[in-house]
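K.L.:
Generate a structure from the sequence data that follows.
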Amino acid sequence: MNQAQKIFRLIRGDCCLAFCGDAQVAYPFFIQVGTALDNHIKTRTRALDITHLTSTIGRMLNKLIEAWDLPKREKIEQLATTRILVGGWSWENTRFDIGYFKCERSGLFKFHHQKARSNHPWHETQKSLVFLGDYEDDYMASLDALLSSRFERPKAIDQKVTINFDYEPIEALNALLEQRRPDHSAIGGSPQLVKIYPFSNTLPFVIRNRRGHFLMGRALFDWEKTEYPILDLTADKATVLYPMERIPLPADLTDVAQIAAKQDAEASAPARPEVPSTEW
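P.N.:
You can find the predicted model right below:
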């Protein structure tokens, strides 16, 4: 199903869940985990940091697996391709934290912080890319081709190029999806993107590519409007568009400076005395 949502925001606002594998397995897990986290004040209000939240989610997932009325061997087979990603902002460590749960031979999920290895010579200052799903080698080749078109490869074989990703991982995924190769039948649809900010807020982005506009994987109708930012992947380099910028300003305001000046003037103006209302 090429328009299934794969990223889910939590009410606490500082993290998201995502998955690859069997949606019939992952969706019930997501619903129960979200309900359980919302039921406890510390997990609902971010009092429990995301670095501790993963152990809580792990216990929930494994309790659900234990309640699954199947023999252990069949459970392991069903969960073999399922990965559940947790990513967000850690207020305790003032950094982003990302990792994934994977089913082990024990039949239970275990959390991993393992990051993906970019092809040589590309080297991240701080590893941030996590890969889940099918065709990892092909995806890394797509990312390598994109980086090669933007950064000069070193002449010496043993040299590395230090980079910090912007939207390149999304662009590489979109390029792979647009190829529609017969041997890539397990993937399809559009990339999905949610940004997580250090001020504990999550924001979905609409994806614009050659096939249209997509929000969390779903194709928008022709008449459908959006206030979310749009990541435009139709040009040589990804750009972000903000639909709200196209709304015209009032006639007496022409730029941001004038808006700020007017707001400052209104804030510093003496308060008007309240006049009792004669209306009911």
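
K.L.:
Could you find the closest non-adjacent residue to residue 119?
P.N.:
Spatial nearest neighbour of residue 119, chain neighbours left out: residue 144 (4.3 Å); criterion: Cβ to Cβ, 6 or more residues apart in numbering. For glycine as for every other residue, the C-beta is placed from the backbone atoms N, C-alpha and C.

K.L.:
Surely that neighbour and residue 122 touch.
P.N.:
Yes - between residue 144 and residue 122 a contact is recorded at 7.1 Å, counting by Cβ atoms under 8 Å.

K.L.:
between these two, which one's more packed in?
P.N.:
The residue with more neighbours, out of residue 144 and residue 122 and counting by other Cβ atoms under 10 Å, is residue 122; that gives 20 against 17.

K.L.:
Now do the contacts for residue 1.
P.N.:
Taking Cβ atoms under 8 Å, 6 or more residues apart in numbering as the contact definition, residue 1 lies against residue 23.

K.L.:
how close does it get to residue 47?
P.N.:
Relative to residue 47, residue 1 is positioned 37 Å away (Cβ to Cβ, to the nearest Å).

K.L.:
For this structure, which segments count as helices?
P.N.:
23-38, 41-44, 50-66, 72-79, 136-150, 168-179, 256-268 (DSSP state H).

K.L.:
so of those, which one's packed in deepest?
P.N.:
Burial among the helices of the chain, expressed as mean neighbours by mean count of other Cβ atoms under 10 Å, is greatest for helix 168-179, which shows a mean of 19.

K.L.:
What average pLDDT does that helix get?
P.N.:
Regarding helix 168-179, the rounded mean pLDDT is 95.

K.L.:
Residues touching it, excluding its own?
P.N.:
Contacts made with helix 168-179 from outside it, assessed by Cβ under 8 Å, 6+ apart, are listed as 129, 135, 138-139, 142-143, 145-147, 150, 184, 187-191, 193, 207, 209-211, 231, 233, 237-238.

K.L.:
at 6 Å what do you get?
P.N.:
By Cβ atoms under 6 Å, 6 or more residues apart in numbering, the surrounding residues in contact with helix 168-179 are 129, 139, 142, 143, 146, 191, 209, 233, 238.

K.L.:
Can I get the residues you listed in CSV including pLDDT and distance to residue 61?
P.N.:
As requested, the contacts of helix 168-179 are arranged in CSV below (pLDDT from 0 to 100; distance: Cβ to Cβ, whole Å):
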residue, pLDDT, distance to residue 61
129, 92, 24
139, 95, 26
142, 95, 31
143, 95, 30
146, 94, 34
191, 96, 26
209, 95, 33
233, 96, 33
238, 95, 34
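
K.L.:
Just flag the most distant two among the residues you listed.
P.N.:
Within the contacts of helix 168-179, 129 and 209 form the most distant pair, 20.6 Å apart (Cβ to Cβ).

K.L.:
For these two, indicate the residue with more neighbours.
P.N.:
Looking at residue 129 and residue 209 with other Cβ under 10 Å, you find the greater number of neighbours at residue 209, namely 18 against 15.

K.L.:
how far away is the more buried one from residue 186?
P.N.:
20 Å.

K.L.:
Residue 94 too?
P.N.:
Relative to residue 186, and taking Cβ to Cβ, residue 94 is found at 38 Å.

K.L.:
just for the protein, where's the confidence low?
P.N.:
By pLDDT under 70, the low-scoring segments of the chain are 251-259, 262, 267-280.

K.L.:
Find the residue at the geometric middle of it.
P.N.:
residue 194 (3.5 Å; Cα atoms, centre = their mean).
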